[in-house]
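In: Build me a structure from this.
(4 chains)
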Amino acid sequence: MQQYSGFGLLKHSLSYHENWQRVWSNPTPKKHYDVVIIGGGGHGLATAYYLAKEHGITNIAVIEKGYLGGGNTARNTTIVRSNYLWDEASHLYEHSLKLWEGLAQELNYNLMFSQRGVLNLGHTLQDMRDIERRVNANRLNGIDGEVLTTAQVQEMVPILDCSTNARYPVMGASWQARAGTARHDAVAWGFARAADALGVDLLQQTEVTGIRRKDGAVEGVETNRGFISAGKVACVAAGNSSVIAKMVGMELPLESHPLQAMVSEPLKPILDTVVMSNHVHGYVSQSDKGDLVIGAGIDGYTGYGQRGSFNVVEHTIAAIIEMFPIFSRVRLNRAWGGIVDTCPDACPIISKTHIKGLYFNCGWGTGGFKATPGAGHVFAHTIAKDEPHPLAKPFSIDRFSSGELIDEHGAAGVAH
Amino acid sequence: MSKSIQAESPLHHAQLEQLIGQSSEGGITLHEHKLLGHLNLRGNAADTAFLAGVQEALGVALPTAPCSSAKSELAQIMWLAPDEWLVIVESGTEFDVEQKLRSYLTGHFAVSDISGAQTLLELSGKDIIGLMKKSTGYDLHLESFPVGKVIGTTFAKTGAHILRLDENTFQLVVRRSFSDYVWLWIQQSSQEYGLTIV
Amino acid sequence: MLLIHCPYCEEMREEEEFSPAGQAHIERPLQPEDISDEQWAHYLFFRKNPRGLHHEMWLHAAGCRKYFNATRNTATYEIMETYKMGQAPRVTANEEGQS
Amino acid sequence: MSQVNRIAGSSKRINRNRTLTFSFNGKEYQGFEGDTVASALLANGVDVVGRSFKYSRPRGIITSDSQEPNAIFQVGSTQATTIPNPRATQTDLYQGLTASSTNGWPNVDFDLMGTVGKLGGSMMPPGFYYKTFMFPQSLWMSYEHLIRKGAGLGASPQQNDPDSYDKMHHHCDVMIVGGGPAGLAAALSAAQTGARVIISDEQNEFGGSLLCSTQSIDGQLPSQWVEKTVAQLSDMDNVMLLPRSTVFGYYDHNLVGINERRTDHLGEHQLQSTRQRVHKVRAKQVILATGAHERPLVYGNNDVPGCMLANAVSTYINRYDVVPGKQLVLMTTNDNAYKTAIDWHQTGRKVVAIVDTRAASNGDLVNKVKKLGIDIFFGHGVIEVKGSKRVKGVDVAPINATNHSVTGPAKHLACDTVASSGGWSPVIHLSSHTGSRPVWNEEIAGFVPGATVQQQHSCGGLEGIYALSNVLSNGFATGAIAAQAAGKGDGSYVGKAPKTSDPQEDASMALFHIPHSKKTSRAPKQFVDYQNDVTAAGIELANREGFESIEHVKRYTALGFGTDQGKLGNINGMAITAKSLGKTIPETGTTIFRPMYTPTTFGALAGADVKHLFDPARFSAMHKWHLEHGAEFEDVGQWKRPWYFPQPGETMQQSLERECLATRNSVGILDASTLGKIDIQGKDAREFLNRVYTNPWSKLGVGKCRYGVMCKEDGMVFDDGVTACLDENRFIMTTTTGGAAGVLQWLELWHQTEWPELEVYFSTVTDHWSTMTISGPNSRKVLEKICDVDVSSDNFKYMDWIEATVAGVKARVFRISFTGELSFEINVQANYGMQTWKAVMAAGEEFNITPYGTETMHILRAEKGFIIVGQDTDGSVTPQDLDMDWVVGKKKEFSFIGKRSWTRFDNKRDDRKQMVGLKPKDPTFVLPEGAQIVFEKNQSIPMKMVGHVTSSYYSACMGYSFALAVVKGGISRKGESVFLPLSDGTTVEAEICSPVFYDPKGDRQHV
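Out: Numbering: from 1, shown residues only, chains lettered A, B, ... in the order given. Model (predicted):
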């Protein structure tokens, strides 16, 4: 793998950038892989990378029906944080956050992971109780967090309307300083480049049309480029997970919903942190390019259309103005949608299945991006060892039968 | 009920009386039909005995077609759902009408007095369509919303049942606790037309 | 923004009048105590979630307050039909389950 | 005359009688009414209007429309009214307009960053961010801080917007997007069927391309036909015309979002009217008549000010009487652009040459130009522009488009303006919004709308139909067809299409990128996307690095991510990618446009739903009294509930202690009107209650009340409240304030979808009743004074309800208690709520009746161990966890909702978190609500948490602090100590105890 650095950039500029290597190759599918990963998004690529790097399994194909990182990886609002409520979820997300912290260096790819901090606003007494509970839990779990008063919030974000005139005045907030944002495309590309360097085959424009089984075990996948035999098949298809599950006659406890996001035109820097509000239902950060990156709640109906309803956009923008009245004259540049697979308890499924050699990583709902390295890491372990990583264990699909749900609706809140 | 007890309609606090006559130029006219009797009636529209009982009690056939309304001397009836109607009667008669209904009806039915729960606003004027278009996504064209039709729909960020009385007159049934919001909304949305209170 | 035909009000209404209410035609087990935890979990949580034709429930929340069913294509968002509670859909997916 | 480029033309689009003064970058200029800021700047000979984002290169105006990538300004003179990023080409001039460039430091003419851009530009290929700034890890935030300094175009206002916005809904048979020739023709033809028609156009007047055209219609000027047609449409009742109205989004099931700019052309801020209005049109049929955008050609230094689109040059000349230069070189791949040379020539200014990439053309326009004696270089391209802040000349060379090479020596031509035309791209943006994929049309070398499930039609330029006579006839036909599809007319246009003769045009050439004598990587920068400084070399580099999908190319280079959303550059970028990968354009992929078509003001999208109208505030009938008595309010759902009633000088804690003591010692009064109330009637009402509540209802007698808990099917508590039996077949259910709507929906869901055979009806009566709870040992004495029924304990027992007259008002009085005191809940019809409240207050005066709010209610109930759903529960708590097994029916026949889930593995664990009381060791210390609980004090992080505090208060009545909490296995741990490590680093100790702190035997409520 060609090493990237400032010096390298200078060197290449002297040869008119004509000698940069390909970031990944474009292989033809082999007949057999030890592991086939369905889905070339951030999670799938991270899974491949950690399988190769930490478990020595390099005969891997990542099968992507479109282009790498083209699904929710390309469509989310890039927030990374670990301030979840329950131990199981916060340990998983914190594991991920710790990986984020050295990931650019590890992958030799600047993911622009920016720990600019995340504020979760409270607007009611119950919001503040929930914030206190969550922050206390985070601290005792070794995750940074603080409860801020309205005055502290105002000092941190002077342009936020903290007055009592607001329809739902700000009563305080939780603050996670280590949280932040990252450049979403770069995450996919960085993992893809590193996985490719370790020998992983990245098969783009390749669509899985079936999963072949024999005697209760997987044999491989049917694709538009022919049958590919596989020792293990790992499904990391996010919104399309139910579609893949159906190929083996499985149903999952999932619903795929449109989740919309939007950006303003680029503005001069005005907002340094991520500001989220479950109560007024919107959140916003400012990207390094200057866009206000805005997220909404999910559309209530299921949908695979990568678009949602206009009223969600209207409401979200009203919520942003409720928080930041000065943005009223700013203009919205673009709105789009992803397909998020939501679980009844707002927590993911990282699990073996009743079919030997078939694994699922899905159900991340609105929280998948921040978990990219962590999910890939524990899922790789789960696949390699054929037993759940300790952090993944609570997220088994069996929890729906046993009742061991991990209700993160409060901390998951609006999309993020 | 004692005469000395003063009833307050949901918009009492807005002191509409004091605004009457302050402007007569407005493109929008608002009147609150205060303190009428409102009864919620439930029953099976396929049950002929139920239909007959209602007709006898109220003096008019129950409107069973979706989104229809009917009127008698005693009551104005709005279709709310296939098994639900709003019966609006003169102020103070709601108890008697409820008893009358109960005495005429048999089988599975329900009557609830909801006179305190809502108020009836009448909106009219030459610019009324503009105000309504700001407030509801329903098609107000006479072909879609003829006189006499009643619809349950969204009104700004709350809900309302809306009855068209004539081309430029609508009656809105609004919940008490949302009435202040509706009042604020009407004021805001009427600004460009002018608002006359009658 | 969907435009939905309410089979009770018998006309098209704006999506804002409705609330989506999930997959249609899920029957509550008659004897919940007689089934396994897995079967119970299936009833509670597991869903078809198809890409393509889907039978789902909606509530006409701002209108007649009735729940009803719709057959909708979750990929194109086209609504093929709406029908009352207790009725069967006329439009169904073909053998492969895709539309 | 300062307007050096304004000629004595005859355009009626500007009003020379109204001179407008405006300022740009601090300097004053003049223009005319009807000008855009762009046309006025060009009239004044302003070349440099901005600096580019990455390389800080000087940039000028390129287009005359929504494609403009460079003339992006800050408009407005105050921090409240300033608007970031409007395009000068779409900003109508008004008197006093203040505009400035958004980039460039210290200014656009002398820009220091430009020097940096020149030096460092070669270090900034696409993706350079990803390849550097990584080491050391700790410094990225500092690097990023510097990067962010350069971010953004315009600046956000710093003060609140003084303007207001609103929205309107419309319905129509045919919605026509675009008021050019095709749209107007379609509107006329659709409207003549009687169909309800709405037509909108983004410009300040209808006409589209006809506003700058010289081609006659019916022997008249095209603008005369527009005027006549618009007048005709305006006269029709069934037609609504929306000028200055941009369709920003096309949504499912034919919803069209339009932003009408009502006052932006009048000044910065208008009090008289809403600034912008969003129209939401639900159309039976939509006709997209959005026309086509001219494509620039990609050539060396094509961003030097003076490089423009050919059609933009014509527009400035014909529409604004502005010639944006003195000497023109026109480069084209088609006949159509020859019009620009003719237009320029007719102003008397010099056309230096026409550079035509084709080998030859014999079209009418070409022949006309030949007759005018203008030089034409066939088979040539402008390979490079000379100049920095203005074009000084061009290098023209023979080219071979097929193998992308320069085939001969270049010739230098002096000029100050380069107009280019690479053909036209249909404006397919809106048709993509609903998920339809565009398809490539080889004949016009452009994408046209693909298959869609919407009720959608397209006509004119959008379909690649460019000749005016064809556009008009296509428009008329499409209007009639759309009307027919909406149920109006027979599908044919009855009127007569106007006569117009189109010049014969020879075939154009599908060429996008002009070769240079050097390799693209070494040639002068050839810009594809100006706003993001994306060059042809950058795209080729991305391809070389393996970014081959067009989506990867876009994301890696930022192609199309500017505020013009790739209108100007996307097709060129795709063509360059295709060429570099050896594929065709359709193989490379399509480009999917998303809303917004052009950027749309946040305020407009929010409409009037801001400030106090952001979300409805709900009030009880006694709200005014609470206000008058100084209440502080708490938001509970949408309700504003009195939180506490401070007296002058009191702290909150003092108020609470006073309210609590008054209630426990004498009598307090609470407005409980917000609790949900559902009237349940029918012979199966009782059975229904049995199924949805956990406890049994079969034996509750008329006149009796019972507390009930509801679970979801997963066994977790989701609401609670008291339900009273009004009659054998009639009950009144109360719910929590926040849960009211959800519970009614829940009941309806089960009734309508699962148990329709049960004869029961539910009606909400929440708003019908005003509810006031009087509580405390003197409450009976107060009630007795104003009630016509004997309310003595013999006659009116705990958990009974009676009908009575209270203060002259018919009332239902419930003897239930949420405080543990003797307590009466008086319900009267809400119209009498205020009067009854006042009467109760008057009757209670002698007992110092004290109004209390939700906080005192919370304290008093917590002292009794009564839960609040949503505070003490969180959706993961069963009745058993709450130590409320008594509320679970053991003999109920029906397997009620929630029951089955309690036998799952997780529910049978004995270390589930259970509701208990906590007594802090320090009796004055109030544990924070939300504090986490551990068994072992001395643990390292991560600690093993075993529960948390759900409710916590200081009890004035008991004289110590206390809390409710959930603790693992807590019910069997009473008397044990737990520890609470707090966020300030201290750890406090508390003892697990019964959650019932006050009057555990319940004597007080039974008196």
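In: what secondary structure does the closest residue in space to A:Ile270 that isn't next to it in sequence sit in?
Out: Setting aside the residues directly before and after it, A:Ile270 is nearest to D:Ser156 in space (Cβ to Cβ, 6 or more residues apart in numbering or on different chains), at 5.0 Å. No exception for glycine: its C-beta is placed from N, CA and C like everyone else's. Secondary structure, DSSP: H, G, I helix; E, B strand; the rest coil: D:Ser156 is coil.
In: which residues sit in contact with D:Ser156?
Out: A:159, A:267-268, A:270, A:326-327, A:329-330, D:84 (Cβ atoms under 8 Å, 6 or more residues apart in numbering or on different chains).
In: tell me the domain boundaries of the chain?
Out: I'll assume chain A. Annotated domains of chain A cover A:6-78+A:184-253+A:345-402, A:113-180+A:255-342 [the TED database].
In: sorry, should have said chain D
Out: Domain segmentation of chain D under automatic domain parsing yields D:15-151, D:165-289+D:426-485, D:295-424+D:507-588.
In: rank these by pLDDT, which is bottom?
Out: Of all these, mean pLDDT reaches its minimum on domain D:15-151 (a mean of 89).
In: any idea how far that one is from the chain center?
Out: Relative to its chain's centre, domain D:15-151 lies at 26 Å (Cα atoms, centre = their mean, to the nearest Å).
In: ok, now stretch A:135-145?
Out: With Cα atoms, centre = their mean as the basis, stretch A:135-145 stands 22 Å off its chain's centre.
In: Also stretch A:3-16?
Out: 31 Å.
In: Give the buried residues for it.
Out: Across stretch A:3-16, burial judged by 16 or more other Cβ atoms under 10 Å in any protein chain shown covers A:4, A:9, A:12-13, A:16.
In: packing partners for the longest helix along chain A?
Out: Longest helix of chain A, by residue count under DSSP state H: helix A:87-107. Counting contacts by 3 or more Cβ pairs under 8 Å, 6 or more residues apart in numbering or on different chains; DSSP states H and E, helix A:87-107 is packed against strand A:79-80, helix A:125-140, helix A:184-197, helix A:372-385.
In: Can you show me the helices along chain B?
Out: Assignment of helices within chain B using DSSP H yields the ranges B:48-58, B:94-104, B:128-135, B:179-190.
In: In JSON lines: those, plus mean neighbour count, distance to D:Gly179 and mean pLDDT.
Out: Below are the helices of chain B laid out as JSON lines (neighbours: other Cβ atoms under 10 Å in any protein chain shown; distance: least, Cβ to Cβ, whole Å; pLDDT from 0 to 100):
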{"stretch": "helix B:48-58", "mean neighbour count": "18", "distance to D:Gly179": "53", "mean pLDDT": "97"}
{"stretch": "helix B:94-104", "mean neighbour count": "17", "distance to D:Gly179": "55", "mean pLDDT": "97"}
{"stretch": "helix B:128-135", "mean neighbour count": "21", "distance to D:Gly179": "21", "mean pLDDT": "98"}
{"stretch": "helix B:179-190", "mean neighbour count": "21", "distance to D:Gly179": "28", "mean pLDDT": "97"}
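In: and the end-to-end length of stretch D:358-369?
Out: This stretch, stretch D:358-369, spans 16 Å end to end (Cα to Cα, to the nearest Å).
In: and stretch D:573-589, how far apart are its ends?
Out: One end of stretch D:573-589 to the other measures 11 Å (Cα to Cα).
In: what about that stretch and chain A, touching?
Out: No - Stretch D:573-589 stays clear of chain A (Cβ under 8 Å from any Cβ of the partner chain), getting no nearer than 8.8 Å.
In: Identify all contacting residues around that stretch.
Out: D:298, D:404, D:439-440, D:512-513, D:528-529, D:534, D:536, D:539-540, D:543-544, D:548-551, D:553-554, D:557, D:559-560, D:566, D:571, D:591.
In: before we move on, what about stretch B:76-92?
Out: B:34-45, B:58, B:60, B:62-71, B:74-75, B:97, B:101, B:120, B:150, B:152, B:161, B:163, B:173, C:8, C:63-66, D:761.
In: Repeat that for stretch B:17-24.
Out: Residues outside stretch B:17-24 that contact it (Cβ under 8 Å, 6+ apart): B:194-198.
In: Tell me the buried residues in that stretch?
Out: Going by neighbour count (16+ other Cβ under 10 Å), nothing in stretch B:17-24 comes out as buried.
In: average pLDDT for that stretch?
Out: For stretch B:17-24, mean pLDDT rounds to 84.
In: got the end-to-end distance for that stretch?
Out: End-to-end distance for stretch B:17-24, by Cα to Cα: 14 Å.
In: closest to D:Thr89 out of the helices of chain B?
Out: Of all these, helix B:128-135 sits nearest to D:Thr89, with 31.2 Å by Cβ to Cβ.
In: Geometric centre of chain B: which residue is closest?
Out: Geometric centre of chain B, nearest residue: B:Val173, 3.6 Å, by Cα atoms, centre = their mean.
In: Is that residue bridged to anything, and to what?
Out: Beta-bridge partners recorded for B:Val173 (DSSP bridges): B:Leu120, B:His161.
In: Distance check, it against chain A.
Out: B:Val173 sits 24 Å away from chain A, going by Cβ to the nearest Cβ, to the nearest Å.
In: Let me see the confidence value for that residue.
Out: Looking at B:Val173, the pLDDT reads 98.
In: dump the residue contacts of it.
Out: Residues in contact with B:Val173 (Cβ under 8 Å, 6+ apart) are B:38, B:78, B:86, B:118-120, B:160-163.
In: try 6 Å
Out: Applying Cβ atoms under 6 Å, 6 or more residues apart in numbering or on different chains to B:Val173 gives the contacts B:118, B:120, B:161.
In: Most neighbours out of the residues you listed, which is it?
Out: Highest neighbour count within these, by other Cβ atoms under 10 Å in any protein chain shown: B:Gln118, with 26 neighbours.
In: Next one: that residue relative to chain A, how far apart?
Out: 24 Å.
In: I'd like the distance between the closest residue to B:Leu62 other than its chain neighbours and B:Pro63.
Out: Once flanking residues are discounted, B:Leu62 sits nearest to B:Val54: 4.6 Å by Cβ to Cβ, 6+ apart. Noted for B:Val54: a distance of 10 Å to B:Pro63, by Cβ to Cβ, to the nearest Å.
In: OK, now which residue of the stretch 1-150 of chain A is nearest to chain D?
Out: Closest residue of the stretch 1-150 of chain A to chain D, Cβ to the nearest Cβ: A:Glu132 (2.9 Å).
In: Now that residue: closest residue in space that isn't a chain neighbour?
Out: Using Cβ to Cβ, 6+ apart, the closest residue to A:Glu132 is D:Gly930 (2.9 Å).
In: before we move on, the earlier item: out of the contacts of stretch B:76-92, which are buried?
Out: Here, 16+ other Cβ under 10 Å leaves B:34-43, B:45, B:58, B:60, B:62-63, B:66-67, B:69-70, B:74-75, B:97, B:101, B:120, B:150, B:152, B:161, B:163, B:173, C:8, C:63-66, D:761 buried among these.
In: need the residues of the stretch 51-200 of chain A near chain D, please.
Out: Applying Cβ under 6 Å from any Cβ of the partner chain, we find that the stretch 51-200 of chain A lies next to chain D at A:67, A:70, A:104-105, A:109-110, A:114, A:124, A:129, A:132-133, A:136-137, A:140-142, A:167-168, A:185-186.
In: Just the buried subset of the residues you listed, written out for PyMOL, thanks.
Out: Those of those that count as buried under 16+ other Cβ under 10 Å are selected in PyMOL with:
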select buried, chain A and resi 67+70+104+109+110+114+124+129+132+133+136+137+140+141+167+168+185+186
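In: now the helices for chain C?
Out: C:37-45.
In: No more questions from me, cheers.
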